[in-house]
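Enquirer: predicted model follows, preceded by the sequence.
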Amino acid sequence: MGEKNRKIREHIFSVARTHRPAVEEAWIKVLQRSGLERARAETVLWLTLSVVRGLAIRSLWQPDLKRFRRLLDEWSRDLGRHGQVAVAGIRAEWDRGAG
């Protein structure tokens, strides 16, 4: 069992290392087009991804999609227009996944 989990973990890490940088760079460019300087775009992206990842982990033991959407909307408002750009794509992915 441990060997199987290790192989799965290694595969996930490999996929993340291969694809994550390009995806993050694409989001940074979207944020820059919305008016942010690169350093601020990186900060907005990292903070947004951290919030979303935290909510995803929390959903493992406390699934509450309505609350998570409300929290994500509040996070977006706190970031202003640029946060809304970042959160809009994430929210669309959640909506597709939630059916």
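Expert: Thanks, I have the structure now.

Enquirer: please read off the pLDDT at M1 from the model.
Expert: Here the pLDDT value assigned to M1 is 47.

Enquirer: then G97?
Expert: Reported pLDDT for G97: 63.

Enquirer: for T43, same thing?
Expert: Here, the pLDDT recorded for T43 equals 92.

Enquirer: for I28, give its distance to A16.
Expert: Distance of I28 to A16, given as Cβ to Cβ, to the nearest Å: 17 Å. Every residue, glycine included, has its C-beta placed from N, CA and C.

Enquirer: with neighbour numbers in mind, choose between those two.
Expert: Comparing I28 with A16 by other Cβ atoms under 10 Å, the one with more neighbours is I28, at 20 against 11.

Enquirer: secondary structure element holding the residue nearest the centre of the chain?
Expert: Nearest to the mean C-alpha position of the chain, by Cα atoms, centre = their mean, lies L49 at 3.6 Å. For L49, the enclosing helix or strand under DSSP states H and E is helix 38-58.

Enquirer: which strands and helices sit next to the helix or strand following that helix?
Expert: Next in sequence after helix 38-58, counting helices and strands by DSSP H and E, comes helix 65-79. Contacting helix 65-79 under the criterion 3 or more Cβ pairs under 8 Å, 6 or more residues apart in numbering; DSSP states H and E are the following elements: helix 38-58, helix 81-98.

Enquirer: mind listing what's buried in helix 65-79?
Expert: 68, 71-72, 75-76, 79 (16 or more other Cβ atoms under 10 Å).

Enquirer: isn't L79 right up against T48?
Expert: Yes. The criterion here is Cβ atoms under 8 Å, and L79 meets it with T48 at 7.4 Å.

Enquirer: can you redo the buried residues of helix 65-79 as TSV with pLDDT and distance to K7?
Expert: As requested, the buried residues of helix 65-79 are exported to TSV (pLDDT from 0 to 100; distance: Cβ to Cβ, whole Å):
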residue	pLDDT	distance to K7
F68	87	31
L71	88	35
L72	83	33
W75	84	35
S76	80	38
L79	78	38
